[in-house]
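> Sequence below, structure please.
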Amino acid sequence: MAGQPGPIQLQLAPHPEWNGTVKGSIARPAGRSVVVGDVNQGKLTMEESADGKKVSGTWLGDVVEGSCGREIRGDWLDDQDNTVPFVMRKQPQ
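Numbers count the residues shown, from 1 in each chain. This next block holds a predicted model:
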C-alpha cells in the first residue's frame, strides 16, 4: 500500500458460514483487523473491521489479467473516505 508502514500481511481462507466468500485477517505494524470478502467476475470487494463490529476499511480491486488470480490491484478506502492504492500478491507457499 503506497505510503503505508509495512509489512502488511493478509491471510484468507474460505468463510465458515458463507459459501463463495473468504474470511481472514490483515496484520499491520499498528495492529490486526478481520476481513471478509469475495471476488466476483474479476472484481474484489472486501470489508475490514478493526473492532470486529464496524467497517474500518473497504478494499475494491480488479484481478490483473493474465495473473491467474495471483495479483489484484485497486484502492483501499478508510472510514473517512481516504483512498490508498494497493497491489495484493499471493505469496508462494
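
> Look up how far Pro92 lies from the nearest residue to Val35 once chain neighbours are set aside.
Spatially, and ignoring its direct neighbours in sequence, Val35 is nearest to Glu48 (4.9 Å; CB to CB, 6 or more residues apart in numbering). (Glycine included, C-beta is placed from N, CA and C.) Using CB to CB, to the nearest Å, Glu48 is found at 24 Å from Pro92.

> Among those two, which residue is more densely surrounded?
With neighbours defined as other CB atoms under 10 Å, Glu48 and Pro92 compare such that Glu48 has more, 21 against 5.

> how about stretch 4-24: buried residues?
Going by neighbour count (16 or more other CB atoms under 10 Å), the buried part of stretch 4-24 is 10, 12, 21-24.

> Show me where this protein has its strands.
Assigned by DSSP state E, the chain shows strands spanning 9-14, 22-28, 31-40, 43-49, 57-63, 71-78, 83-89.
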